[in-house]
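>>> this one's structure only:
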């Protein structure tokens, strides 16, 4: 069952791809306004778990509780309707469309005619609102009409973040937001996560960089081989303990970082 | 950016290819430039334009539809048989278009729900449509007593042949659909990054079905105009249109990989193909030469487009 302080609880989630058990009886909880770090080695099941939560893939067994009620998330639209936004590692942007259509992809601002039978894109409004949201993220853009495949990696990430932010999410899922970024940019991402938290957004972020977890997370959940391996408040754990949970107890831990 | 500039950006380099061909034919064969011939050229192009508009949507969505030519034959046959049995113009048009919508729905479901590659699904439908067209009147043409339906293909409105009006109106409708509606944005996104569109919460399957239905409807309309022009239902009249439509799109800059191109390019692609056929006809070169010429221009067009896009 779900406590009232939990915004989300995934319980007993199992998922297999053919004969591979990607997840076995995994439980994940997220409290209101919390930043949760989800870590694990490659193949531990982190991505599978968040894809299930974002409606990208179905699961075999288990239940999902959102704000205390059991819910069904069967496709990405269901997740969006609950206020669950996901920033994928690949950003899932459409390269041949301009920035503003990517931000409003699937949720276009339209003007309705003939009692809603004809819907015409309100490009002016989408351009203006896109421009405003990107200005807030303090990343330079020439024009929101620019096609996404002409943008740099950092700009693309900003578009993906802007898109997730625009619709006032309750839960933000970030898949490896710091991968491939320079140190300074990593710090920017940390700052963005903190600013989401200040707005009351609950955040799940997946990362390989354990330093990021200790920099911004309130709690850490570790998966290993498709199962829960650890769940602790950051204040009550150490880098060493997390690494041991990730790789198993018998690994000799060498922490030079 | 001004609207004119946006429009120019949407007209790819085929404009120059088109202009070059006009000059070439005008020099080699002066009767080409007569007003009568130019009007005839536009008239000849109108049927191809209607079916190519649908093909553009399909190809922008990273799919292909080989069945549109035979669907044209079938729609024409259905309308002709209704008229021959004493049915009205309205029901002939209605059922002709319904055939297109139903076919689009069916193909769309094969592709979207059962994950058939569109090439295979429409290749199969091509054979089925052609078979039904041939079966329906034992392989011969269907004629009807002269009726209002004949106006669709050979009537004049304000001294302009009616098919040109139909093609122009449908061009505007598809233009708005493609560049001003969620349907259009989703079509480009489908061809650009299907998974990205799905993760954005858009029902990708529904989008595919809608694209096929729109294309099927346009193909059946083209079939009706064609049947009315030749004043009969002919079971094989549409064969070959699928390839000319694909060629028009490709020459106009719409790629086989989806998400790139648009209907301004297709308009000029249609004009180029029609112009080649018309010019070669005037100079006395028959169909085999015309096929060669279309093939050559296709290769030239693709080469120019790939240089241009680099």
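Okay, I see it. Quick caveat, the model's predicted, so the values are computed rather than measured.

>>> hey, let's count contacts and neighbours off CA atoms from now on
OK.

>>> Phi and psi next, for residue 206.
All of this is about chain A. phi -100, psi 140 (degrees, to the nearest 10).

>>> sorry, should have said chain B
According to degrees, to the nearest 10, residue B:206 has phi -60, psi -40.

>>> mind checking pLDDT for it?
At residue B:206, the predicted lDDT confidence score is 92.

>>> Skipping its backbone neighbours, what lies nearest it in space?
residue B:112 (7.6 Å; Cα to Cα, 6 or more residues apart in numbering or on different chains).

>>> And for residue B:205?
Leaving aside its sequence neighbours, residue B:205 sits nearest to residue B:112 (Cα to Cα, 6+ apart; 4.8 Å).

>>> Now for the one you found, how many residues are close by?
18 (other Cα atoms under 10 Å in any protein chain shown).

>>> Could you pull up the residues touching it?
Taking Cα atoms under 8 Å, 6 or more residues apart in numbering or on different chains, we find residue B:112 in contact with B:204, B:205, B:206, B:208, B:209.

>>> Make CSV from the residues you listed and add secondary structure to it.
CSV is the format used below for the contacts of residue B:112 (DSSP: H, G, I helix; E, B strand; the rest coil):
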residue, secondary structure
B:204, helix
B:205, helix
B:206, helix
B:208, helix
B:209, helix
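
>>> Now residue B:26: which helix or strand?
helix B:14-28 (DSSP states H and E).

>>> Any stretches of chain A with poor pLDDT?
For chain A, the stretches with pLDDT under 70 are A:1-4, A:249-257.

>>> so who does the spatially most central residue of it touch?
The centroid of chain A falls nearest to residue A:173 when counting by Cα atoms, centre = their mean (1.6 Å). Contact analysis of residue A:173 by Cα under 8 Å, 6+ apart lists A:50, A:84, A:85, A:86, A:87, A:203, A:204, A:205.

>>> tell me the secondary structure for it?
strand.

>>> and if you look at residue A:9?
Under the three-state scheme (three-state DSSP), residue A:9 adopts strand.

>>> Would you confirm that it contacts residue A:66?
Yes: with contact defined as Cα atoms under 8 Å, residue A:9 reaches residue A:66; the gap is 6.6 Å.

>>> These two: which has the busier surroundings?
Using other Cα under 10 Å as the criterion, residue A:9 and residue A:66 rank with residue A:9 on top: 22 against 16.

>>> Taking the stretch 201-310 of chain B, what residue is nearest to chain A?
Using Cα to the nearest Cα, the single residue of the stretch 201-310 of chain B nearest to chain A is residue B:201, 4.1 Å away.

>>> pLDDT below threshold where in the stretch 201-310 of chain B?
In the stretch 201-310 of chain B the weaker segments, taking pLDDT under 70 as the threshold, are B:308-310.

>>> Now do the helices in it.
B:204-229, B:241-251, B:263-282, B:287-309 (DSSP state H, counting those that start in this stretch).

>>> Adding mean neighbour count as columns, could you present these in a markdown table?
A markdown table is the format used below for the helices of the stretch 201-310 of chain B (neighbours: other Cα atoms under 10 Å in any protein chain shown):
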| stretch | mean neighbour count |
| --- | --- |
| helix B:204-229 | 26 |
| helix B:241-251 | 26 |
| helix B:263-282 | 24 |
| helix B:287-309 | 15 |
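
>>> Kindly reformat the ones you listed as a markdown table containing distance to residue B:166.
Below are these laid out as a markdown table (distance: least, Cα to Cα, whole Å):
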| stretch | distance to residue B:166 |
| --- | --- |
| helix B:204-229 | 9 |
| helix B:241-251 | 17 |
| helix B:263-282 | 14 |
| helix B:287-309 | 25 |
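
>>> residues of stretch B:92-110 that come out buried?
Within stretch B:92-110, the residues that count as buried by 16 or more other Cα atoms under 10 Å in any protein chain shown are B:92-93, B:95-101, B:103-110.

>>> hang on, the earlier thing: okay, the residue nearest to the centre of chain A and chain B: tell me how far apart.
Counting by Cα to the nearest Cα, to the nearest Å, the separation of residue A:173 from chain B is 13 Å.

>>> Quick check: bridge partners of that residue?
residue A:86, residue A:204 (DSSP bridges).

>>> who touches the residue of the stretch 201-310 of chain B closest to chain A in this structure?
Residue B:201 neighbours (Cα under 8 Å, 6+ apart): A:75, A:76, A:77, A:78, A:80, A:106.

>>> Surely residue A:130 and residue A:146 touch.
No: contact criterion Cα under 8 Å: residue A:130 and residue A:146 do not qualify, at 11.8 Å.

>>> Which residues are in contact with each of those two?
residue A:99.

>>> So for these two, which residue has more residues nearby?
residue A:130 (24 against 15).

>>> so what's that one up against?
Going by Cα under 8 Å, 6+ apart, the list of residues near residue A:130 reads A:99, A:100, A:103, A:144, A:162.

>>> pretty sure the fourth one is touching residue A:97, no?
No: in terms of Cα under 8 Å, residue A:144 does not count as a neighbour of residue A:97; the distance is 10.4 Å.

>>> Looks like residue A:207 contacts residue A:176 (just checking).
Yes: counting by Cα under 8 Å, residue A:176 is a contact partner of residue A:207 at 4.7 Å.

>>> okay, and the common contacts of these two?
Between them, residue A:207 and residue A:176 share no contacting residue, judged by Cα under 8 Å, 6+ apart.

>>> elements contacting the helix holding residue B:26?
Contacts defined by 3 or more Cα pairs under 8 Å, 6 or more residues apart in numbering or on different chains; DSSP states H and E place helix B:14-28 against helix B:263-282.

>>> Show me what the helix it packs on packs onto, helices and strands only.
Looks like helix B:263-282 contacts helix B:14-28, helix B:35-60, helix B:241-251, helix B:287-309 (3+ Cα pairs under 8 Å, 6+ apart).

>>> Residue B:122: which of the ones you listed is closest?
The minimum distance between residue B:122 and the helices and strands packed on helix B:263-282 falls on helix B:241-251, with 10.7 Å, by Cα to Cα.

>>> which residues are contacting the longest helix along chain A?
Ranked by number of residues, the top helix in chain A under DSSP state H is helix A:183-198. Helix A:183-198 has contacts (Cα under 8 Å, 6+ apart) with A:33, A:34, A:35, A:177, A:178, A:202, A:203, A:212, A:215, A:216.

>>> What residues of it count as buried?
Buried residues in helix A:183-198 (16+ other Cα under 10 Å): A:186, A:189, A:190, A:193, A:194, A:196, A:197.

>>> among those residues, which two are most distant?
Checking those with Cα to Cα, the most distant pair is A:186 and A:197, at 16.8 Å.
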